[in-house]
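Asks: Have a look at this prediction, sequence included:
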Amino acid sequence: MVKDGIPLPPGSAAGPASPNASPHRVLLVGFGHVGRALARSLHEAGHGRPGFPWDVVAVVDSRGAVLEEGGLDLEELVLAKERTGRLQGPTYRRCRASELIAQVAPDVVVEVSVSDPHTGEPGTSHILRALAEGADVVTSNKGPFALRYREVQEAVARSGRRIRYGTTVGGIVPILETLVERLPAARVQEVEAVLNGTTQFVLSRLSAGESLQSAVAVAQARGLTEPNPSWDLGGHDAALKAAILHNALFSPPITADEVPREGVDAGVEALAQEARAQGRTIVLQAHVRAGHAEVALVEVPLSSPWAAPGPLNVFQVTTERAGTLLLQGPGAGAEVTATGLAADLASLETSSGPCGSVPSHPNAFADPWTARASWPPAPPARATSVLGRQRRKIRGGAPLSTARAAEEVRAW
Ligand SMILES: NC(=O)c1ccc[n+]([C@@H]2O[C@H](COP(=O)([O-])OP(=O)(O)OC[C@H]3O[C@@H](n4cnc5c(N)ncnc54)[C@H](OP(=O)(O)O)[C@@H]3O)[C@@H](O)[C@H]2O)c1
(Lines give C-alpha, C1' and ligand atoms only; values in the text may rest on other atoms or scores of the structure.)
Protein backbone atom coordinates (compact mmCIF):
# COMPACT_ATOMS: atom_id res chain seq x y z
CA MET A 1 0.00 0.00 0.00
CA VAL A 2 1.00 3.61 -0.48
CA LYS A 3 0.42 6.18 2.22
CA ASP A 4 1.15 9.84 1.64
CA GLY A 5 3.50 8.90 -1.13
CA ILE A 6 5.45 6.33 0.90
CA PRO A 7 5.14 2.72 -0.31
CA LEU A 8 4.53 0.82 2.91
CA PRO A 9 5.12 -2.91 3.25
CA PRO A 10 2.05 -5.17 3.09
CA GLY A 11 0.38 -6.01 6.37
CA SER A 12 -1.47 -3.74 8.74
CA ALA A 13 -3.02 -0.49 7.71
CA ALA A 14 -0.13 1.31 9.34
CA GLY A 15 2.46 -0.65 7.46
CA PRO A 16 4.55 -3.43 9.01
CA ALA A 17 3.58 -7.10 8.76
CA SER A 18 2.57 -7.11 12.43
CA PRO A 19 1.37 -4.03 14.27
CA ASN A 20 3.43 -5.23 17.23
CA ALA A 21 6.63 -5.59 15.24
CA SER A 22 9.38 -3.19 16.28
CA PRO A 23 10.05 -0.51 13.71
CA HIS A 24 13.39 -0.63 11.95
CA ARG A 25 15.83 1.85 13.42
CA VAL A 26 17.07 4.21 10.73
CA LEU A 27 20.06 6.55 10.79
CA LEU A 28 20.00 9.36 8.24
CA VAL A 29 23.41 10.64 7.09
CA GLY A 30 23.00 14.02 5.39
CA PHE A 31 20.18 16.49 5.93
CA GLY A 32 20.38 18.58 2.78
CA HIS A 33 17.74 18.85 0.05
CA VAL A 34 17.27 15.09 -0.35
CA GLY A 35 17.56 14.19 3.33
CA ARG A 36 14.97 16.78 4.30
CA ALA A 37 12.62 15.81 1.47
CA LEU A 38 12.75 12.20 2.68
CA ALA A 39 12.21 13.30 6.28
CA ARG A 40 9.15 15.33 5.22
CA SER A 41 7.73 12.33 3.33
CA LEU A 42 8.25 10.01 6.28
CA HIS A 43 6.65 12.52 8.62
CA GLU A 44 3.62 12.90 6.35
CA ALA A 45 3.31 9.12 6.03
CA GLY A 46 3.05 8.65 9.80
CA HIS A 47 6.56 8.52 11.24
CA GLY A 48 6.31 8.25 15.03
CA ARG A 49 2.82 6.75 15.03
CA PRO A 50 2.27 3.20 16.34
CA GLY A 51 2.88 0.59 13.68
CA PHE A 52 4.94 2.79 11.39
CA PRO A 53 7.67 0.54 9.98
CA TRP A 54 10.64 2.90 10.38
CA ASP A 55 11.92 4.89 13.26
CA VAL A 56 14.50 7.54 12.38
CA VAL A 57 16.52 7.50 15.60
CA ALA A 58 19.44 9.67 14.48
CA VAL A 59 20.29 12.31 11.88
CA VAL A 60 23.78 13.59 11.21
CA ASP A 61 25.03 16.36 8.93
CA SER A 62 28.52 17.75 8.33
CA ARG A 63 28.69 19.31 11.77
CA GLY A 64 26.82 17.21 14.28
CA ALA A 65 23.94 14.91 15.12
CA VAL A 66 20.70 14.51 16.98
CA LEU A 67 19.82 11.14 18.45
CA GLU A 68 16.64 9.98 20.09
CA GLU A 69 15.63 6.38 20.64
CA GLY A 70 11.90 6.17 20.16
CA GLY A 71 12.06 8.50 17.20
CA LEU A 72 12.91 12.05 16.35
CA ASP A 73 10.36 14.69 15.48
CA LEU A 74 11.22 14.91 11.79
CA GLU A 75 8.95 17.86 11.06
CA GLU A 76 10.60 19.94 13.75
CA LEU A 77 14.07 18.94 12.62
CA VAL A 78 13.35 19.96 9.03
CA LEU A 79 11.90 23.30 10.08
CA ALA A 80 14.85 24.04 12.37
CA LYS A 81 17.42 23.07 9.73
CA GLU A 82 15.70 25.22 7.11
CA ARG A 83 15.41 28.13 9.49
CA THR A 84 18.91 28.04 10.98
CA GLY A 85 20.97 25.83 8.68
CA ARG A 86 21.68 23.54 11.63
CA LEU A 87 20.34 20.43 13.25
CA GLN A 88 18.77 21.36 16.56
CA GLY A 89 17.46 19.53 19.60
CA PRO A 90 18.20 18.68 23.22
CA THR A 91 20.40 15.77 22.18
CA TYR A 92 22.42 17.75 19.61
CA ARG A 93 26.14 17.24 19.76
CA ARG A 94 29.10 17.55 17.47
CA CYS A 95 30.17 14.21 16.03
CA ARG A 96 31.06 12.45 12.81
CA ALA A 97 28.76 10.17 10.86
CA SER A 98 31.03 7.11 11.07
CA GLU A 99 31.27 7.36 14.88
CA LEU A 100 27.53 7.73 15.13
CA ILE A 101 26.87 4.70 12.92
CA ALA A 102 29.06 2.56 15.21
CA GLN A 103 27.40 3.97 18.31
CA VAL A 104 23.78 3.68 17.17
CA ALA A 105 24.09 0.31 15.35
CA PRO A 106 20.98 1.05 13.23
CA ASP A 107 19.11 -1.47 11.09
CA VAL A 108 19.31 0.81 8.07
CA VAL A 109 21.59 3.70 7.14
CA VAL A 110 20.15 6.10 4.60
CA GLU A 111 23.25 7.78 3.14
CA VAL A 112 22.39 11.07 1.45
CA SER A 113 25.53 13.08 2.09
CA VAL A 114 28.00 14.16 -0.56
CA SER A 115 31.03 12.64 -2.28
CA ASP A 116 34.22 14.13 -3.61
CA PRO A 117 34.24 13.49 -7.37
CA HIS A 118 37.70 11.90 -7.24
CA THR A 119 37.77 10.01 -3.95
CA GLY A 120 34.11 9.19 -3.38
CA GLU A 121 34.47 10.48 0.19
CA PRO A 122 32.93 10.88 2.71
CA GLY A 123 30.00 8.89 1.29
CA THR A 124 31.99 5.72 0.62
CA SER A 125 33.36 5.55 4.17
CA HIS A 126 29.88 6.04 5.59
CA ILE A 127 28.58 3.15 3.51
CA LEU A 128 31.51 0.86 4.33
CA ARG A 129 31.08 1.62 8.02
CA ALA A 130 27.33 0.98 7.88
CA LEU A 131 27.86 -2.43 6.26
CA ALA A 132 30.63 -3.32 8.70
CA GLU A 133 28.27 -2.49 11.57
CA GLY A 134 25.62 -4.81 10.15
CA ALA A 135 23.24 -2.21 8.69
CA ASP A 136 21.46 -2.32 5.34
CA VAL A 137 22.10 0.76 3.20
CA VAL A 138 19.86 2.91 1.02
CA THR A 139 21.61 5.74 -0.78
CA SER A 140 21.47 8.30 -3.58
CA ASN A 141 25.19 9.05 -3.35
CA LYS A 142 26.83 8.43 -6.73
CA GLY A 143 30.52 8.53 -5.82
CA PRO A 144 30.72 5.14 -4.09
CA PHE A 145 29.39 3.34 -7.19
CA ALA A 146 31.13 5.42 -9.85
CA LEU A 147 34.55 5.51 -8.16
CA ARG A 148 34.79 2.73 -5.56
CA TYR A 149 32.39 0.13 -6.91
CA ARG A 150 34.51 -2.97 -6.29
CA GLU A 151 35.31 -1.97 -2.72
CA VAL A 152 31.66 -1.31 -1.92
CA GLN A 153 30.46 -4.57 -3.46
CA GLU A 154 33.12 -6.56 -1.64
CA ALA A 155 31.95 -4.98 1.60
CA VAL A 156 28.35 -5.86 0.73
CA ALA A 157 29.34 -9.48 0.08
CA ARG A 158 31.37 -9.66 3.30
CA SER A 159 28.63 -8.17 5.40
CA GLY A 160 25.74 -10.17 3.98
CA ARG A 161 23.71 -6.94 4.17
CA ARG A 162 21.71 -5.32 1.40
CA ILE A 163 22.32 -2.08 -0.42
CA ARG A 164 20.01 -0.18 -2.74
CA TYR A 165 21.22 2.69 -4.86
CA GLY A 166 18.57 2.91 -7.57
CA THR A 167 18.26 6.70 -7.20
CA THR A 168 21.88 7.34 -8.16
CA VAL A 169 20.92 7.15 -11.84
CA GLY A 170 17.69 8.34 -13.41
CA GLY A 171 15.94 9.70 -10.33
CA ILE A 172 12.64 7.89 -10.16
CA VAL A 173 13.10 6.12 -13.52
CA PRO A 174 13.78 2.49 -12.51
CA ILE A 175 16.67 2.04 -14.89
CA LEU A 176 19.07 0.22 -12.56
CA GLU A 177 16.29 -2.05 -11.34
CA THR A 178 15.27 -2.79 -14.93
CA LEU A 179 18.83 -3.60 -15.99
CA VAL A 180 19.62 -5.73 -13.00
CA GLU A 181 16.34 -7.33 -12.02
CA ARG A 182 14.57 -7.76 -15.35
CA LEU A 183 17.19 -8.02 -18.04
CA PRO A 184 20.02 -10.37 -17.02
CA ALA A 185 18.73 -13.14 -19.27
CA ALA A 186 18.13 -10.67 -22.08
CA ARG A 187 21.86 -9.90 -22.37
CA VAL A 188 22.12 -6.14 -22.42
CA GLN A 189 24.46 -5.02 -25.17
CA GLU A 190 24.29 -1.28 -24.86
CA VAL A 191 22.66 1.50 -22.89
CA GLU A 192 22.38 4.95 -24.42
CA ALA A 193 21.09 7.65 -22.15
CA VAL A 194 20.51 11.31 -21.48
CA LEU A 195 21.60 11.33 -17.85
CA ASN A 196 21.71 14.97 -16.87
CA GLY A 197 18.42 16.82 -16.98
CA THR A 198 20.02 20.21 -16.44
CA THR A 199 22.17 19.87 -19.54
CA GLN A 200 19.19 18.63 -21.48
CA PHE A 201 17.24 21.71 -20.38
CA VAL A 202 20.06 24.08 -21.37
CA LEU A 203 20.65 22.38 -24.73
CA SER A 204 16.97 22.52 -25.64
CA ARG A 205 17.01 26.27 -25.02
CA LEU A 206 20.17 26.68 -27.10
CA SER A 207 18.44 24.84 -29.85
CA ALA A 208 15.59 27.36 -29.67
CA GLY A 209 18.07 30.17 -30.28
CA GLU A 210 18.84 31.28 -26.73
CA SER A 211 22.41 32.05 -25.64
CA LEU A 212 24.24 29.73 -23.26
CA GLN A 213 24.50 32.45 -20.64
CA SER A 214 20.78 33.11 -20.70
CA ALA A 215 19.82 29.40 -20.74
CA VAL A 216 22.05 28.71 -17.73
CA ALA A 217 20.57 31.70 -15.90
CA VAL A 218 17.05 30.32 -16.45
CA ALA A 219 18.16 26.87 -15.26
CA GLN A 220 19.64 28.44 -12.13
CA ALA A 221 16.51 30.50 -11.50
CA ARG A 222 14.44 27.30 -11.65
CA GLY A 223 16.75 25.53 -9.19
CA LEU A 224 17.88 23.02 -11.80
CA THR A 225 21.64 23.45 -11.46
CA GLU A 226 24.22 22.49 -8.86
CA PRO A 227 25.77 25.52 -7.13
CA ASN A 228 28.52 25.23 -9.75
CA PRO A 229 26.73 24.69 -13.11
CA SER A 230 29.93 23.45 -14.76
CA TRP A 231 29.48 20.20 -12.84
CA ASP A 232 26.41 19.44 -14.97
CA LEU A 233 27.42 21.22 -18.17
CA GLY A 234 30.95 19.79 -18.18
CA GLY A 235 29.56 16.25 -18.32
CA HIS A 236 31.00 15.29 -14.90
CA ASP A 237 27.65 14.22 -13.46
CA ALA A 238 26.78 12.25 -16.60
CA ALA A 239 30.18 10.51 -16.50
CA LEU A 240 29.58 9.39 -12.91
CA LYS A 241 26.18 8.00 -13.88
CA ALA A 242 27.55 6.32 -17.00
CA ALA A 243 30.13 4.54 -14.83
CA ILE A 244 27.40 3.41 -12.43
CA LEU A 245 25.32 2.02 -15.32
CA HIS A 246 28.39 0.22 -16.63
CA ASN A 247 29.23 -1.29 -13.26
CA ALA A 248 25.69 -2.47 -12.63
CA LEU A 249 25.88 -4.43 -15.87
CA PHE A 250 29.43 -5.45 -16.62
CA SER A 251 32.57 -6.75 -14.96
CA PRO A 252 35.21 -5.63 -14.27
CA PRO A 253 34.00 -2.25 -13.01
CA ILE A 254 35.29 1.04 -14.38
CA THR A 255 35.60 4.40 -12.66
CA ALA A 256 34.18 7.72 -13.77
CA ASP A 257 37.74 8.94 -14.39
CA GLU A 258 37.93 6.41 -17.22
CA VAL A 259 34.82 7.79 -18.96
CA PRO A 260 35.74 10.21 -21.78
CA ARG A 261 33.35 13.12 -21.66
CA GLU A 262 32.33 16.16 -23.60
CA GLY A 263 30.46 19.12 -22.20
CA VAL A 264 28.49 22.19 -23.17
CA ASP A 265 30.31 25.46 -23.73
CA ALA A 266 29.67 28.60 -25.77
CA GLY A 267 30.91 26.83 -28.91
CA VAL A 268 27.87 24.57 -28.84
CA GLU A 269 25.47 27.52 -29.39
CA ALA A 270 26.16 27.67 -33.13
CA LEU A 271 26.05 23.88 -33.48
CA ALA A 272 22.66 23.77 -31.77
CA GLN A 273 21.22 26.39 -34.08
CA GLU A 274 22.66 24.72 -37.15
CA ALA A 275 21.11 21.43 -36.03
CA ARG A 276 17.76 23.14 -35.46
CA ALA A 277 17.67 24.39 -39.02
CA GLN A 278 17.78 20.73 -40.09
CA GLY A 279 15.03 19.58 -37.73
CA ARG A 280 17.54 18.24 -35.24
CA THR A 281 18.87 19.09 -31.82
CA ILE A 282 21.93 18.31 -29.72
CA VAL A 283 21.88 16.22 -26.56
CA LEU A 284 24.56 15.08 -24.14
CA GLN A 285 24.32 11.34 -24.45
CA ALA A 286 26.06 8.52 -22.59
CA HIS A 287 26.98 5.29 -24.38
CA VAL A 288 27.66 2.28 -22.20
CA ARG A 289 28.91 -1.10 -23.38
CA ALA A 290 30.98 -3.83 -21.74
CA GLY A 291 34.33 -2.34 -20.79
CA HIS A 292 33.53 1.12 -22.12
CA ALA A 293 31.45 4.16 -21.33
CA GLU A 294 31.58 7.67 -22.76
CA VAL A 295 29.60 10.90 -22.73
CA ALA A 296 29.33 12.85 -25.98
CA LEU A 297 27.34 15.63 -27.61
CA VAL A 298 25.32 14.04 -30.41
CA GLU A 299 22.78 15.31 -32.90
CA VAL A 300 19.31 13.73 -32.81
CA PRO A 301 16.03 14.34 -34.64
CA LEU A 302 13.83 16.92 -32.90
CA SER A 303 10.97 14.47 -33.30
CA SER A 304 12.73 11.68 -31.36
CA PRO A 305 12.30 10.92 -27.66
CA TRP A 306 15.92 11.97 -27.17
CA ALA A 307 14.74 15.53 -27.68
CA ALA A 308 12.53 15.32 -24.55
CA PRO A 309 12.51 18.67 -22.81
CA GLY A 310 14.86 18.90 -19.85
CA PRO A 311 15.05 18.09 -17.04
CA LEU A 312 13.85 14.65 -18.19
CA ASN A 313 16.20 11.68 -18.50
CA VAL A 314 15.95 9.22 -21.40
CA PHE A 315 17.26 5.65 -21.62
CA GLN A 316 17.46 3.26 -24.55
CA VAL A 317 18.53 -0.29 -23.64
CA THR A 318 19.52 -2.62 -26.47
CA THR A 319 19.44 -6.30 -25.61
CA GLU A 320 20.36 -9.42 -27.52
CA ARG A 321 17.23 -11.38 -26.61
CA ALA A 322 14.51 -8.94 -25.64
CA GLY A 323 14.72 -6.18 -28.21
CA THR A 324 15.04 -2.53 -27.31
CA LEU A 325 13.54 -0.82 -24.28
CA LEU A 326 12.88 2.89 -23.81
CA LEU A 327 12.47 4.59 -20.48
CA GLN A 328 11.95 8.27 -19.80
CA GLY A 329 11.12 10.34 -16.75
CA PRO A 330 12.19 12.87 -14.13
CA GLY A 331 15.87 12.20 -13.48
CA ALA A 332 16.62 14.35 -10.44
CA GLY A 333 15.29 16.79 -7.88
CA ALA A 334 15.08 16.37 -4.13
CA GLU A 335 11.40 15.33 -4.05
CA VAL A 336 11.83 12.88 -6.90
CA THR A 337 14.94 11.37 -5.33
CA ALA A 338 13.27 11.10 -1.92
CA THR A 339 10.39 9.22 -3.55
CA GLY A 340 12.86 6.69 -4.94
CA LEU A 341 14.66 6.40 -1.60
CA ALA A 342 11.34 5.70 0.14
CA ALA A 343 10.64 2.93 -2.37
CA ASP A 344 14.11 1.48 -1.75
CA LEU A 345 13.52 1.60 1.98
CA ALA A 346 10.23 -0.23 1.55
CA SER A 347 11.82 -2.82 -0.72
CA LEU A 348 14.18 -3.84 2.09
CA GLU A 349 11.09 -4.88 4.04
CA THR A 350 9.38 -6.89 1.40
CA SER A 351 12.15 -8.90 -0.19
CA SER A 352 15.09 -11.02 0.73
CA GLY A 353 16.16 -12.81 -2.45
CA PRO A 354 18.50 -11.51 -5.12
CA CYS A 355 15.82 -9.29 -6.60
CA GLY A 356 15.23 -7.80 -3.19
CA SER A 357 18.83 -6.97 -2.65
CA VAL A 358 19.43 -5.75 -6.15
CA PRO A 359 21.31 -3.85 -7.14
CA SER A 360 23.64 -5.12 -4.42
CA HIS A 361 25.70 -7.50 -6.49
CA PRO A 362 24.11 -7.62 -9.89
CA ASN A 363 27.03 -9.25 -11.60
CA ALA A 364 26.83 -12.29 -9.38
CA PHE A 365 23.10 -12.44 -10.05
CA ALA A 366 23.57 -12.16 -13.76
CA ASP A 367 26.37 -14.69 -14.15
CA PRO A 368 24.29 -17.86 -14.55
CA TRP A 369 22.49 -16.28 -17.46
CA THR A 370 25.15 -14.43 -19.25
CA ALA A 371 28.17 -16.68 -18.67
CA ARG A 372 30.28 -13.59 -18.94
CA ALA A 373 33.54 -15.40 -19.49
CA SER A 374 32.24 -16.94 -22.71
CA TRP A 375 30.47 -13.80 -23.84
CA PRO A 376 33.08 -11.51 -25.29
CA PRO A 377 31.63 -8.05 -25.60
CA ALA A 378 31.38 -6.37 -28.96
CA PRO A 379 34.04 -3.73 -29.50
CA PRO A 380 32.85 -0.45 -28.07
CA ALA A 381 30.92 1.62 -30.58
CA ARG A 382 32.07 5.18 -30.13
CA ALA A 383 29.38 7.82 -30.01
CA THR A 384 29.25 10.05 -33.07
CA SER A 385 30.07 13.30 -31.38
CA VAL A 386 29.05 16.55 -33.02
CA LEU A 387 32.20 18.07 -31.63
CA GLY A 388 34.24 15.33 -33.28
CA ARG A 389 32.44 15.97 -36.55
CA GLN A 390 32.92 19.69 -36.10
CA ARG A 391 36.63 19.10 -35.68
CA ARG A 392 36.62 17.04 -38.86
CA LYS A 393 34.65 19.77 -40.56
CA ILE A 394 37.20 22.35 -39.51
CA ARG A 395 39.90 20.10 -40.96
CA GLY A 396 37.92 19.88 -44.20
CA GLY A 397 36.01 16.67 -43.45
CA ALA A 398 32.31 15.94 -43.85
CA PRO A 399 30.05 18.82 -42.81
CA LEU A 400 27.52 18.34 -40.02
CA SER A 401 24.62 18.30 -42.43
CA THR A 402 25.80 15.07 -44.04
CA ALA A 403 25.89 13.13 -40.79
CA ARG A 404 24.21 9.76 -40.72
CA ALA A 405 21.11 10.81 -38.85
CA ALA A 406 19.23 7.58 -38.41
CA GLU A 407 22.21 5.50 -37.43
CA GLU A 408 23.16 7.64 -34.50
CA VAL A 409 19.91 7.27 -32.69
CA ARG A 410 18.47 3.95 -33.64
CA ALA A 411 15.01 2.52 -33.38
CA TRP A 412 12.89 5.59 -32.75
N1 LIG B 1 19.39 16.68 -5.25
C2 LIG B 1 19.16 15.79 -6.21
O3 LIG B 1 18.31 15.98 -7.09
C4 LIG B 1 19.92 14.48 -6.22
C5 LIG B 1 19.58 13.50 -7.16
C6 LIG B 1 20.26 12.27 -7.16
C7 LIG B 1 21.29 12.08 -6.24
N8 LIG B 1 21.61 13.07 -5.37
C9 LIG B 1 22.70 12.82 -4.43
O10 LIG B 1 22.12 12.72 -3.12
C11 LIG B 1 23.03 13.26 -2.16
C12 LIG B 1 22.34 14.38 -1.39
O13 LIG B 1 21.97 15.41 -2.29
P14 LIG B 1 21.43 16.80 -1.75
O15 LIG B 1 20.88 17.51 -2.92
O16 LIG B 1 20.59 16.58 -0.55
O17 LIG B 1 22.80 17.50 -1.31
P18 LIG B 1 22.95 18.74 -0.31
O19 LIG B 1 21.72 19.55 -0.28
O20 LIG B 1 24.24 19.38 -0.65
O21 LIG B 1 23.09 18.05 1.13
C22 LIG B 1 24.20 17.30 1.50
C23 LIG B 1 24.10 16.97 2.97
O24 LIG B 1 25.22 16.16 3.33
C25 LIG B 1 25.75 16.68 4.52
N26 LIG B 1 27.16 16.33 4.67
C27 LIG B 1 28.22 16.83 3.99
N28 LIG B 1 29.35 16.25 4.46
C29 LIG B 1 28.97 15.39 5.43
C30 LIG B 1 29.67 14.53 6.31
N31 LIG B 1 31.00 14.43 6.27
N32 LIG B 1 28.96 13.81 7.21
C33 LIG B 1 27.62 13.91 7.27
N34 LIG B 1 26.89 14.71 6.47
C35 LIG B 1 27.57 15.45 5.57
C36 LIG B 1 25.54 18.17 4.44
O37 LIG B 1 25.67 18.71 5.73
P38 LIG B 1 25.38 20.28 6.03
O39 LIG B 1 23.88 20.41 5.99
O40 LIG B 1 25.93 20.47 7.39
O41 LIG B 1 26.08 21.06 4.97
C42 LIG B 1 24.12 18.20 3.88
O43 LIG B 1 23.19 18.04 4.93
C44 LIG B 1 24.26 13.72 -2.95
O45 LIG B 1 25.22 12.70 -2.91
C46 LIG B 1 23.72 13.93 -4.36
O47 LIG B 1 24.71 13.77 -5.35
C48 LIG B 1 20.96 14.25 -5.33
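Replies: Now that the structure is in, tell me what you want to look at.

Asks: From now on I want contacts and neighbour counts done on CA atoms only, so please keep to that.
Replies: Fine.

Asks: What is the neighbour count of Ala157?
Replies: 14 (other CA atoms under 10 Å).

Asks: typed the wrong thing, it's Ser62
Replies: Around Ser62 there are 18 residues (other CA under 10 Å).

Asks: list the contacts for it?
Replies: By CA atoms under 8 Å, 6 or more residues apart in numbering, the contact set of Ser62 is 30, 96.

Asks: Quick check, His236 in contact with Arg261.
Replies: Yes. Using CA atoms under 8 Å, His236 is in contact with Arg261, at 7.5 Å.

Asks: what touches both of these two?
Replies: Here His236 and Arg261 have no joint contacts, going by CA under 8 Å, 6+ apart.

Asks: backbone phi and psi for the residue nearest the centre of the chain, please?
Replies: Centroid-nearest residue in the chain, with CA atoms, centre = their mean: Thr168, separated by 1.7 Å. The phi/psi pair for Thr168 (degrees, to the nearest 10) reads phi -70, psi -20.

Asks: Distance of Arg162 relative to Ser303?
Replies: Distance of Arg162 to Ser303, given as CA to CA, to the nearest Å: 41 Å.

Asks: Stretch 132-149 - what's its average pLDDT?
Replies: Across stretch 132-149, the average pLDDT comes to 97.

Asks: same deal with stretch 231-238?
Replies: Mean predicted confidence for stretch 231-238 is 96.

Asks: and if you look at stretch 97-108?
Replies: Mean predicted lDDT for stretch 97-108 stands at 97.

Asks: Same check on stretch 259-266?
Replies: On average, stretch 259-266 scores 95.

Asks: residue in the stretch 301-412 of the chain nearest to the ligand?
Replies: Per CA to the nearest ligand atom, Gly333 is where the stretch 301-412 of the chain lies closest to the ligand, at 3.2 Å.

Asks: For that residue, grab the count of nearby residues.
Replies: 19.

Asks: now do the one 5 residues further on
Replies: Around Ala338 there are 29 other residues, counting by other CA under 10 Å.

Asks: give me the element it is part of.
Replies: For Ala338, the host element (DSSP states H and E) is helix 334-350.

Asks: list the buried ones in that helix?
Replies: 334-349 (16 or more other CA atoms under 10 Å).

Asks: if I look at Thr337, how far off is Gln285?
Replies: Thr337 sits at a distance of 21 Å from Gln285 (criterion: CA to CA).

Asks: Please apply the same query to Ala322.
Replies: With distances taken as CA to CA, Ala322 is found 23 Å from Gln285.

Asks: Spell out the residue ranges of the helices in the stretch 251-400 of the chain.
Replies: When assigned using DSSP state H, counting those that start in this stretch, the helices of the stretch 251-400 of the chain occupy the ranges 268-277, 334-350, 354-357, 362-370, 386-394.

Asks: The stretch 51-200 of the chain now?
Replies: 74-84, 97-104, 123-132, 143-146, 149-159, 175-177, 197-207.

Asks: from those helices, which stretch is densest packed?
Replies: The highest average neighbour count among those, using mean count of other CA atoms under 10 Å, belongs to helix 143-146 at a mean of 29.

Asks: No further questions, thank you.
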